[in-house]
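Trainee: Everything below, folded, please.
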Amino acid sequence: MTAPPFNENELHVVAELPNFNGSDPVAVYDFPVTPREGVLALYERRPLWQIMICFGVEMTTFCPSCNPDAVARATVLDATTVPGVSNTSAGVDMFGREWVFEPDIAGSMILPGNPLVVDANDLEAALIWPDIDSWDWEGSVRDNKGFFDSGNYYFHMFQNGYFERLISLMDFENALVA
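Mentor: Numbering: from 1, shown residues only. The predicted model follows:
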């Protein structure tokens with residue numbers, strides 16, 4: 001496929017999608033190609049349309065509510081999500097660490113002042129790995145039936161990088177020293 005010529009219709013808003021954190025909705029414009037075609041062309045290094053870094057238009061993030069980290073981090077993004085409501089919760093992550101939702105940043109932060117360990121050398125003995133088989137995967141499949149029918153690209157995003165996970169286990173200062 002070759003790049004289509006510019007058309008004034010590309011500037012028209014044809015829909016609005018709710019923003020995952022409840023802020024202003026995201027405008028969907030009259031794209032000259034389907035989101036799927038746009039993403040495929042990008043990956044093939046022949047971009048046809050500047051894809052928006054907007055989950056829910058070209059790509060859809062899938063963070064199921066059966067994953068305790070998605071709930072603790074206020075990043076549940078699945079068929080059960082009610083933007084601005086169900087993804088503003090917080091709680092205990094997969095390693096038993098408590099997170100609190102901060103409305104000013106529209107996200108969660110680890111509850112400070114209660115590190116699992118202070119010294120990284122003690123981490124292996126103190127860390128209890130989650131039993132992911134105990135999570136309600138069957139319920140998630142049932143709840144998300146039809147979620148993947150939009151034709152978008154889907155991906156699951158793990159919310160914690162290595163250093164961020166270390167902070168959640170040790171608090172910031174101890175993680176810096178580690």
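
Trainee: distance of residue 97 from residue 109?
Mentor: Distance of residue 97 to residue 109, computed by CB to CB, to the nearest Å: 11 Å. From N, CA and C alone the C-beta is placed, and that goes for glycine too.

Trainee: Between the two, tell me which one has more neighbours.
Mentor: In this comparison of residue 97 against residue 109, neighbours counted by other CB atoms under 10 Å, the higher total goes to residue 97 at 20 against 15.

Trainee: now that one, nearest residue through space, not along the chain?
Mentor: Spatial nearest neighbour of residue 97, chain neighbours left out: residue 168 (4.9 Å); criterion: CB to CB, 6 or more residues apart in numbering.

Trainee: give me the number of residues near residue 99?
Mentor: 22.

Trainee: again but with residue 140, I slipped
Mentor: Around residue 140 there are 19 other residues, counting by other CB under 10 Å.

Trainee: re earlier: neighbours around the residue nearest to residue 97, how many?
Mentor: The number of residues packed near residue 168 is 25, by other CB under 10 Å.

Trainee: Which parts of the one helix or strand it maps to count as buried, going by neighbours?
Mentor: Residue 168 belongs to helix 162-170 when assigned by DSSP states H and E. Counting neighbours by 16 or more other CB atoms under 10 Å, one finds that the buried residues in helix 162-170 are 165-170.

Trainee: Just put those residues in TSV and tack on distance to residue 133 and pLDDT.
Mentor: Rendered in TSV, the data for those read as follows (distance: CB to CB, whole Å; pLDDT from 0 to 100):
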residue	distance to residue 133	pLDDT
165	21	91
166	25	93
167	27	93
168	22	93
169	22	95
170	27	95
